[in-house]
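Peer 1: Just to be clear, the model below is a prediction. Sequence and coordinates:
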Amino acid sequence: MATREPIYAALASLVFNYSTIASTFVTTGRFLKHHEQLPAGAASCPAIYLVQHPGEEHFRTGKGISNKRTLKCAFVMYFYTASADESVFPASQCNVGLDAIDDAINMPNNPGNVQTLGGLVEHVYTEGSVSIAEGLLQEFSIVAVPITIIIP
């Protein structure tokens, strides 16, 4: 039976070490901080965190068959978007982060479009509504991308 911690560690490693994430984001981690508590404030941005959601789903497909488990988590991103330059749109920064997560998880060169974290899980994918609080009236934009992990 697959255990949770190696799965979350592999997902964090996959995304945080993806080239676009590594070259774009200043802060990465699994311990979510409020954007006002970032160690260097705006200089800590962009920041991305992997956050486990409470609750899991367990279901059985038949008698005597092992249950399937679905884990839920999210990548939460902060972007400092206060700028005197009005040609820099907060949404543009958010879109770069969203595209990078899509690419890291879906791996553009993956013919089956199935992310298994090296065989640890059956599939990892984005699922659900992405929450975007675009920083038009505040200094930070906040994005949360929901992730589903299917494990046998």
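Peer 2: It's in.
Peer 1: And the lowest mean pLDDT element among the helices and strands of this structure?
Peer 2: strand 47-59 (a mean of 86; mean pLDDT, DSSP states H and E).
Peer 1: Mind checking what secondary structure L11 has?
Peer 2: Following DSSP: H, G, I helix; E, B strand; the rest coil, we place L11 in the helix state.
Peer 1: what's the following helix or strand past the least confident helix or strand of the chain packed up against?
Peer 2: The C-terminal neighbour of strand 47-59 among helices and strands, as given by DSSP states H and E, is strand 68-80. For strand 68-80, the packing partners by 3 or more C-beta pairs under 8 Å, 6 or more residues apart in numbering; DSSP states H and E come out as helix 4-16, strand 47-59, helix 90-106, strand 140-151. Glycine gets a C-beta too; all of them are placed from N, C-alpha and C.
Peer 1: Pull out the buried residues from stretch 141-152.
Peer 2: Buried residues in stretch 141-152, counted by 16 or more other C-beta atoms under 10 Å: 141-149, 151.
Peer 1: gap between the most centrally placed residue in the chain and T27?
Peer 2: In the chain, the C-alpha nearest the mean C-alpha coordinate belongs to F75, at 2.5 Å (C-alpha atoms, centre = their mean). Distance from F75 to T27, counting by C-beta to C-beta, to the nearest Å: 13 Å.
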